[in-house]
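Student: could you look at this predicted model? Sequence included:
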Amino acid sequence: MFLDRKKFIDLFAGIGGFRIAMEKFGGECVFSSEIDKYAQTTYNENHDFTFNAFNVDMVFRWIFAPASELIFVWKNNIFAEKSEIINDYFDDLRYTFNSPMGNSFSLKVLYYLDYQSLKKKNRKK
């Protein structure tokens, strides 16, 4: 089908009719949102799932000169989703930490150049 392994979000979900149709075509719902509490109750009865997220961020900042710095950031994240409710807290936690992890690194260097002093040096030459 045209939706093989396609992911979608279900905004203004109502009781989940759009989600049912999309899942029949092979789509996977990754997020649902509904403001009406009665529709939420019906939706949750029809579409039980568990979503857990765990993030760890580490930031190293070194100021090596006035207004100049080096920033290193490491981020570890886990997003776990299951189509059934896990009632035991420790089983749910174990499932979350056994899910695939994502790591990202970023490096940012800021170096201050004083335009006025550079301009003066160029005039002297």
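Tutor: Arrived safely, thanks for sending.

Student: secondary structure element for Asp57?
Tutor: Assigned by DSSP states H and E, Asp57 belongs to strand 50-65.

Student: may I see the buried residues of that strand?
Tutor: Of all the residues in strand 50-65, those buried under the rule 16 or more other CB atoms under 10 Å are Asn52. The C-beta positions use only the backbone N, C-alpha and C, and glycine is treated the same way.

Student: which strands or helices does that strand pack on?
Tutor: strand 68-82, helix 89-97 (3 or more CB pairs under 8 Å, 6 or more residues apart in numbering; DSSP states H and E).

Student: counting contacts, what elements does the longest one pack onto?
Tutor: What that stands for is strand 68-82. Counting contacts by 3+ CB pairs under 8 Å, 6+ apart, strand 68-82 packs against strand 50-65, helix 89-97, strand 101-110.

Student: got the angle between the first one and strand 68-82?
Tutor: When you say that, I think you mean strand 50-65. Using axes from the mean of the first three to the mean of the last three CA atoms, to 10 degrees, the inter-axis angle of strand 50-65 relative to strand 68-82 is 170 degrees.

Student: and the contacts of strand 50-65?
Tutor: Defining contact as CB atoms under 8 Å, 6 or more residues apart in numbering, one finds that strand 50-65 is touched by 69-82, 84-86, 92, 95-97, 111-112.

Student: in the chain, what helix or strand scores lowest on average pLDDT?
Tutor: Least confident helix or strand, the chain: helix 37-46 with a mean of 74, by mean pLDDT, DSSP states H and E.

Student: in PDB, list the C-alpha atoms belonging to that one.
Tutor: Provided in PDB are the C-alpha atoms of helix 37-46 (Å, rounded to 0.1, in the frame of the first residue of the first chain):
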ATOM      1  CA  LYS A  37     -12.100  14.800  27.900                       C
ATOM      2  CA  TYR A  38     -15.000  12.500  26.800                       C
ATOM      3  CA  ALA A  39     -13.400  12.000  23.400                       C
ATOM      4  CA  GLN A  40     -10.100  11.300  25.100                       C
ATOM      5  CA  THR A  41     -11.700   8.600  27.300                       C
ATOM      6  CA  THR A  42     -13.200   6.900  24.200                       C
ATOM      7  CA  TYR A  43      -9.900   7.300  22.300                       C
ATOM      8  CA  ASN A  44      -7.900   5.800  25.100                       C
ATOM      9  CA  GLU A  45     -10.200   2.800  25.400                       C
ATOM     10  CA  ASN A  46      -9.800   2.200  21.600                       C
END
